[in-house]
Every structure is written in structure tokens, then in C-alpha cells.
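K.L.:
structure here, sequence nowhere to be found:
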Ligand SMILES: [Zn+2]
């Protein structure tokens, strides 16, 4: 039996996955660690004004994951979820700083304190700006 459907049937939506990736992109870990987790910034993020553009009117926000939730129940269950716990673990590791990027580039004082690189994705992210 021959092919029933044309291939490339969705030619106009070929980039739908890239669009999704960019849309769900959240704040970088180092931004969260250095800015959002500061107690006063955190309080501001947790008590945001009602925003009709945001999911759940911006009333249910997870600071660690930089993510909005529709309901309080959703936020509560998110806090118990694997995604959130993994995130907490990542955030406990030291943030990627300018100093570290200089060390990676061979500038500055390497061999001073050997440190494990927290995540490879952050490495590649920051490589260009180093
Ligand atoms: Zn979370």
C-alpha cells in the first residue's frame, strides 16, 4: 500500500518545537541564585500584583523555578515534585560567576580552590560571554 499522507504536511509549523523551547525558557539559575533568592526580592516575587497576562494572575509563583502556577494546589504539589527538588539541589551549588568564567578561560588564579562545575549546560551558555 502506498503512502496515504503527503510528507511535510505541517510545513508551516516546522519550527513549532523551537518556539516552544524559547517560550518556556525561564530565568537562568545564577540569576535566581544571586537575585531572586535574596529575602527581600523573594518576598516581592511571592506577593506579586495581579497580572492578567501571567498564568494564575501571577498569584502562585515558585521563586526557585521562576515559574507561575494556576492555582495554589498546583503550586503546593509542585513544591513536592521531583522537578522542584532537583531545582533546589541545583541552586544549592555555587552560582556561575564572572570569576569562575575567568578561571575557565585560563585567566586569574586557577588551582586555588578546585571546584566541581555545577552543570554543563550553564558552562556552554556562558562560554560565549566569557
Ligand atoms: Zn519550584
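P.N.:
Yep, it's here. Fair warning: this is a prediction, and the values are worked out from it, not measured in the lab.
K.L.:
tell me which parts of the chain are close to the ion?
P.N.:
Among all residues of the chain, those adjacent to the ion (criterion: C-beta under 5 Å from the ion) are 62, 64, 65, 84. Placement of C-beta: from N, CA and C, glycine included.
K.L.:
average pLDDT across the helix or strand hosting residue 43?
P.N.:
Element membership for residue 43 (DSSP states H and E) is helix 39-46. The pLDDT scores in helix 39-46 average 89.
K.L.:
hang on, the earlier thing: any chance of the residues of the chain next to the ion in JSON lines, plus pLDDT and neighbour count?
P.N.:
Supplementary listing: the residues of the chain next to the ion in JSON lines, determined by pLDDT from 0 to 100; neighbours: other C-beta atoms under 10 Å:
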{"residue": "62", "pLDDT": "91", "neighbour count": "20"}
{"residue": "64", "pLDDT": "89", "neighbour count": "19"}
{"residue": "65", "pLDDT": "89", "neighbour count": "20"}
{"residue": "84", "pLDDT": "93", "neighbour count": "17"}
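K.L.:
so which of those residues belong to strands?
P.N.:
The strands, defined by DSSP state E, take in residue 62 from those.
K.L.:
can you flag which of the residues of the chain next to the ion belong to helices?
P.N.:
Within these, membership in helices is found for residue 84, as judged by DSSP state H.
K.L.:
of the residues of the chain next to the ion, which is the nearest to residue 101?
P.N.:
The shortest approach to residue 101 among the residues of the chain next to the ion belongs to residue 64, at 23.1 Å (C-beta to C-beta).
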